[in-house]
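Enquirer: The following block contains a protein sequence and its predicted model.
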Amino acid sequence: MKPEISIIVPIYNVELYLRKCVDSILAQTFRSFELILVNDGSPDKCGEICEYYKELDPRVVVIHKQNGGLSDARNYGIDVAKGRYIGFVDSDDWIEPDMYEALHGLITAHNADIAVCGHCEVQDDVKLEKSFTHQVRVYDNAHAFDKLLEDTEIQNLAWDKLYKAELFSQVRYPVGRYFEDIFTTYKLFLQANKTVSLDSPKYLYLKRSDSITGAMNNRKYYDRFCAALEIYETIQDKNYPIAKEISLSRTVTEGIELCNFQLITGETAVNKEYLAELGGFLSKHTSAILRNRIIRREMKTAALLILTSSTVYKMLYYSKLRLKGSNMI
């Protein structure tokens, strides 16, 4: 029989964490699923661990492939998934026993396209404090998209959700990009007529210093800016008035952070192509930025200075950094 859910786990160099992850999935109270373990050319013993679980449980499917990165591994899983619904779990995380029972119950009861749950962050075996309402909220397409762009109750994450598999018919994760979730999740929400959200912590996210956000660099800031810009440009012909305001604000913020990072790291790290692209965006959307009700005044001023007088902006930014440093002494 076809599984109801396909759970995809991309795997690379997580030998210390993989067993806990897989055990938590196989212990789910919801039983009708296939677990697709995608070994992305891991150099440690992850491949052997995958094969062990394949022998242990017939629901486990193992794919061994050359290393292609997180997006490529997820895409391999999507390509072979047989379930009516698709979920993702990162290989160093784990989930509560009833996560997929809860998400499947909500997505079917409300005839939704996407179900979302809350998550807890765990660091040094301690859950970081976070409050939850345990409420269920149902959103239509526009309101769900607004919530996604607000990035609080519903975040740009692959792994705290259950999706109708058909949403992926024309969607894959971008290979070679950082923050691939941001480039992808919005495309799924654009298609979703209804989304249901459960504000309860069913997913446990392990905070690691070597994670994708552990050490930022020029390319990561650039990709985050590009993702925000892509979303903003994609929704221009859609009836999302609130989302457009939020999206423009987010793109300006990401652009300024990209610029600031290059100033902090010095002239040798400056990528003129990145700054030229940022300048082109600011020039094209100056009027919209000034009219935007969400963008703070200081951010509007910063955007204008980057566009019209980068030297003045640089002087003011360095002055702000010196002032901040002196206040910390």
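Expert: Arrived safely. Numbering: from 1, shown residues only.

Enquirer: Run me through the strand neighbours of the longest strand along the chain, direction for each.
Expert: In the chain, taking DSSP state E as the definition, the longest strand is strand 194-206. According to DSSP bridges, strand 194-206 forms sheet pairs with strand 94-95 (antiparallel), strand 114-123 (parallel), strand 136-140 (antiparallel).

Enquirer: Would you convert those strands into CSV that also reports distance to Ile182?
Expert: For glycine as for every other residue, the C-beta is placed from the backbone atoms N, C-alpha and C. Supplementary listing: those in CSV, determined by distance: least, C-beta to C-beta, whole Å:
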stretch, distance to Ile182
strand 94-95, 22
strand 114-123, 16
strand 136-140, 19
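
Enquirer: Give me the sheet partners of the helix or strand encompassing Ile8 and which way each runs.
Expert: Using DSSP states H and E, the secondary-structure element containing Ile8 is strand 5-11. Strand 5-11 has these partner strands in its sheet, going by DSSP bridges: strand 33-40 (parallel), strand 85-88 (parallel).

Enquirer: Which positions in the next helix or strand after that strand come out as buried?
Expert: Following strand 5-11 in sequence order, the next helix or strand is helix 18-26 (DSSP H and E). For helix 18-26, a neighbour-count test (16 or more other C-beta atoms under 10 Å) marks 18, 21-22, 24-26 as buried.

Enquirer: show me what contacts Thr185?
Expert: With C-beta atoms under 8 Å, 6 or more residues apart in numbering as the criterion, the residues that contact Thr185 are 148, 156-158.

Enquirer: Apply 10 Å and report the result again.
Expert: In this structure, Thr185 makes contact with 114, 148, 154-158, 161, 163, 171, 173, 227, 231, judged by C-beta atoms under 10 Å, 6 or more residues apart in numbering.

Enquirer: Extract the C-alpha set from the helix or strand that contains it and format it as CSV.
Expert: When elements are assigned from DSSP H and E, Thr185 belongs to helix 180-191. Coordinates of each C-alpha in helix 180-191 appear next as CSV, following Å, rounded to 0.1, in the frame of the first residue of the first chain:
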residue,chain,number,x,y,z
GLU,A,180,17.2,27.4,0.6
ASP,A,181,14.0,27.3,2.7
ILE,A,182,13.4,31.0,2.0
PHE,A,183,13.7,30.5,-1.7
THR,A,184,11.3,27.6,-1.6
THR,A,185,8.7,27.8,1.1
TYR,A,186,6.9,30.9,-0.3
LYS,A,187,6.3,29.0,-3.6
LEU,A,188,4.4,26.3,-1.7
PHE,A,189,2.4,28.9,0.2
LEU,A,190,1.5,30.7,-3.0
GLN,A,191,-0.3,27.5,-4.1
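
Enquirer: tilt between it and strand 194-206?
Expert: Angle, helix 180-191 to strand 194-206, by axes from the mean of the first three to the mean of the last three C-alpha atoms, to 10 degrees: 160 degrees.

Enquirer: returning to what we had before: I'd like the strands paired with strand 194-206 as CSV, with mean pLDDT appended.
Expert: CSV is the format used below for these (pLDDT from 0 to 100):
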stretch, mean pLDDT
strand 94-95, 98
strand 114-123, 96
strand 136-140, 98
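
Enquirer: Between the ones you listed, which one is closest to Phe189.
Expert: Using C-beta to C-beta as the criterion, the shortest distance between Phe189 and the strands paired with strand 194-206 is 6.9 Å, found for strand 114-123.

Enquirer: and that closest one, which residues are buried?
Expert: Of the residues in strand 114-123, those scored as buried under the neighbour-count criterion (16+ other C-beta under 10 Å) are 114-119, 121-122.

Enquirer: Can you tell me which of these lies closest to Glu96?
Expert: Closest to Glu96, out of all of those and judged by C-beta to C-beta, is Cys117, at 8.8 Å.

Enquirer: what's the spacing between the nearest residue to the closest one once chain neighbours are set aside and Gln28?
Expert: Nearest in space to Cys117, with sequence neighbours left out and distances taken as C-beta to C-beta, 6 or more residues apart in numbering, is Lys202 at 4.1 Å. Using C-beta to C-beta, to the nearest Å, one gets 11 Å for the distance from Lys202 to Gln28.
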